[in-house]
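Q: Got a predicted model here, sequence first, then my questions.
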Amino acid sequence: MGLIYDSIVIGLGAHGSSALYHLSKTGKKVLGIENFSIGHDKGSSHGESRMIRFSYSNGEHYVPMLLRSKEIWKEIENESKESLLFQKGALYVGSEHHPTLIDAKKSADKHDLEYDILSPTEVKKLYPQFVIDKNSIGFLDKTAGYLLSEACIRSFINLADRNGAEIVFNTPVVSIKPMNNKVIVRTNNQRYEAEKVILTVGAYINELFPDFSNHLDLWRLVAGWFKPDNLSFYSPENFPSFVLIEKEHYSYGFPSIEIPGVKIGFSVSKAQNLNSTKEMNREIEDDDIALLRYWLEKYLPGANGDIVRIGTCFAMSTPDRNFIIGPHPEHPNIILGHACSGHGFKMSSVIGEILADLSQDRKIKFDLSPHDPRRFF
């Protein structure tokens, strides 16, 4: 017999660390297992910053989760004494007829969120760093901003540890086996068992549950920080987070926060599709740099300077771009939190709460039907 817990969380990225934190407040015996070290660069949550926005173009069912996520981020800031959420605004640039901008406006109107529609001249007056053509508009979401992604995860981990959760790092899980009313988890040197297991291993899900591989797309993304001509001109006080939209393609970016450069990345529409995590090429290719510089040269020429830092990350998406949240259809003692399709980090605070509640058989406050794992079985 191995070590026995009420709940085990496997994978301590954004969603797993959040779930561990929420479980740690229940007084139950909980364990978190992470394959790598805290703040590693082998997953989907590193790279300093992630956008948070509330005028949502990905579906109205997300808005209640987004609003709750903000409440929890504020609670985490208060408990950890760390500044994590910065609502400095976000600027979308694209055609006024683009579905993303249409849906964002509808969402903002429905939920009484503050925004401005800006002409190219108005964008230039407010943010002279941008160059946009006469056929584009600016949608300034005044409630949006960014989260410090690695700091968020550290805060979840530190608070969970303070609350009594046990945590092990650099420990790969080699098998997960449901057995009667418990789940057996094995690493290379230990056997654990628990009533419930929360599985939040991100891109590595197919290595533990290959059945999902036919339903999920795995992507290689690249983001870089570029030295602008005037660093202070691109500080959070003077420059917003942004989304640049061209038909089915877009890029996203952030002001210079802690890393001294403007961050920019591209969407999955331009990303490399992978069959497994083992295919990830972490070397930066000339084509990667050229794609990032395309957006900078066209929209932010003053930020198209030397590369300060550049790197890769994984993204995993479902065909409908909704998440996977709920009990495994064949193994109900395993709770899945996966495939957040490139837009889940901002909601990791509430997704962790939902996963913890599911593992405790508590009533869920949100409509999880769009995220039901059974749609793939």
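A: Thanks, I have the structure now. For clarity, every value in this text was computed on a predicted model and none was experimentally measured.
Q: okay, CA-based contacts and neighbour counts for the rest of this
A: Noted.
Q: Endpoints of stretch 339-353, how far apart?
A: Distances were taken as Cα to Cα, to the nearest Å; on that basis the terminal residues of stretch 339-353 are 17 Å apart.
Q: hmm, I was thinking of stretch 221-238
A: Counting by Cα to Cα, you get 27 Å between the two ends of stretch 221-238.
Q: Just give me how far that stretch sits from the chain centre.
A: On the basis of Cα atoms, centre = their mean, to the nearest Å, the separation between the geometric centre of stretch 221-238 and that of its chain is 21 Å.
Q: what's the model's confidence in that stretch, averaged?
A: Stretch 221-238 shows a mean pLDDT of 97.
Q: shouldn't residue 163 be in contact with residue 24?
A: Yes - counting by Cα atoms under 8 Å, residue 163 touches residue 24, with 5.6 Å between them.
Q: Those two: who's more crowded?
A: Set side by side, residue 163 and residue 24 give different neighbour counts by other Cα atoms under 10 Å, the larger being at residue 24 (23 against 16).
Q: got the phi/psi numbers for that one?
A: Here is the backbone geometry of residue 24 (degrees, to the nearest 10): phi -60, psi -20.
Q: which residues does it contact?
A: Each residue near residue 24 by Cα atoms under 8 Å, 6 or more residues apart in numbering is listed here: 30, 160, 161, 163, 164, 165.
Q: what's residue 212 in contact with, if anything?
A: With Cα under 8 Å, 6+ apart, residue 212 has these contacts: 205, 206, 376.
Q: redo that, cut-off 6 Å
A: Contacts were defined as Cα atoms under 6 Å, 6 or more residues apart in numbering; by that measure residue 212 touches no other residue.
Q: So for residue 124, what's the nearest residue that isn't a sequence neighbour?
A: residue 130 (6.3 Å; Cα to Cα, 6 or more residues apart in numbering).
Q: how close does that neighbour get to residue 368?
A: Taking Cα to Cα as the criterion, residue 130 is separated from residue 368 by 39 Å.
Q: So if I had to pick from the two, which one is more boxed in?
A: When neighbours are counted by other Cα under 10 Å, residue 130 comes out ahead of the other of residue 130 and residue 368, with 20 against 17.
Q: My guess is that one contacts residue 300. True?
A: Yes - at 5.2 Å, residue 130 and residue 300 qualify as touching, with contact defined as Cα atoms under 6 Å.
Q: what about the closest residue to residue 127 other than its chain neighbours, which helix or strand?
A: Setting aside the residues directly before and after it, residue 127 is nearest to residue 239 in space (Cα to Cα, 6+ apart), at 6.8 Å. Using DSSP states H and E, residue 239 is not contained in any helix or strand.
Q: Next, count neighbours for residue 239.
A: By the criterion of other Cα under 10 Å, residue 239 has 23 neighbours.
Q: how close does it get to residue 53?
A: Here the distance between residue 239 and residue 53 works out to 16 Å (Cα to Cα).
Q: got it, and residue 336?
A: 24 Å.
Q: Check residue 227 too.
A: Where residue 53 is concerned, residue 227 sits at a distance of 26 Å (Cα to Cα).
Q: what does residue 365 give?
A: Separation of residue 365 from residue 53 (Cα to Cα): 21 Å.
Q: do the same with residue 70
A: 10 Å.
Q: neighbour count winner among the two?
A: Residue environment comparison for residue 70 versus residue 53 gives the larger neighbour count to residue 53, 23 against 19, counting by other Cα under 10 Å.
Q: From residue 64, how far off is the nearest residue to that one once chain neighbours are set aside?
A: For residue 53, ignoring the flanking residues on the chain, the nearest one in space by Cα to Cα, 6+ apart is residue 144 at 4.2 Å. Plainly put, residue 144 is 15 Å away from residue 64 if you go by Cα to Cα.
Q: The two: who's more crowded?
A: A direct count of neighbours by other Cα under 10 Å for residue 144 and residue 64 places residue 144 higher, at 24 against 15.
Q: got the contact list for that one?
A: For residue 144, the set of contacting residues under the criterion of Cα under 6 Å, 6+ apart consists of 52, 53, 87, 89, 90.
Q: Among those residues, which has the minimum pLDDT value?
A: The weakest per-residue confidence within the contacts of residue 144 falls on residue 53 (92).
Q: Which helix or which strand is home to residue 350?
A: helix 348-359.
Q: Domain map for the protein?
A: Structural domains annotated on the chain: 3-46+150-215+320-376, 90-142+217-317, as defined by automatic domain parsing.
Q: Deepest-packed of those, please.
A: Stretch with highest mean neighbour count among the domains of the chain: domain 3-46+150-215+320-376 (a mean of 20; mean count of other Cα atoms under 10 Å).
Q: What's the mean pLDDT across that one?
A: If you average the pLDDT over domain 3-46+150-215+320-376, you get 94.
Q: Let me know the pLDDT of residue 267.
A: The predicted structure lists residue 267 with a pLDDT of 80.
Q: so who does it touch?
A: Taking Cα under 6 Å, 6+ apart as the definition of contact, the neighbours of residue 267 are 250, 251.
Q: Relative to residue 202, how far out is it?
A: In this view, residue 267 and residue 202 are 18 Å apart by Cα to Cα.
Q: cool, and residue 146?
A: Distance from residue 146 to residue 202, by Cα to Cα: 21 Å.
Q: What of residue 277?
A: For residue 277, the distance to residue 202 under the criterion Cα to Cα works out to 10 Å.
Q: Let me know the helix or strand that residue 38 is in.
A: Using DSSP H and E, no element contains residue 38; it sits outside every helix and strand.
Q: let's have the chain start at 5 instead
A: Shifting the count to begin at 5 puts that one at residue 42.
Q: Give me the distance between it and residue 274.
A: Counting by Cα to Cα, the separation of residue 42 from residue 274 is 29 Å.
Q: Same check on residue 124?
A: Computed with Cα to Cα, the distance linking residue 124 and residue 274 is 26 Å.
Q: swap in residue 135?
A: Residue 135 sits at a distance of 22 Å from residue 274 (criterion: Cα to Cα).
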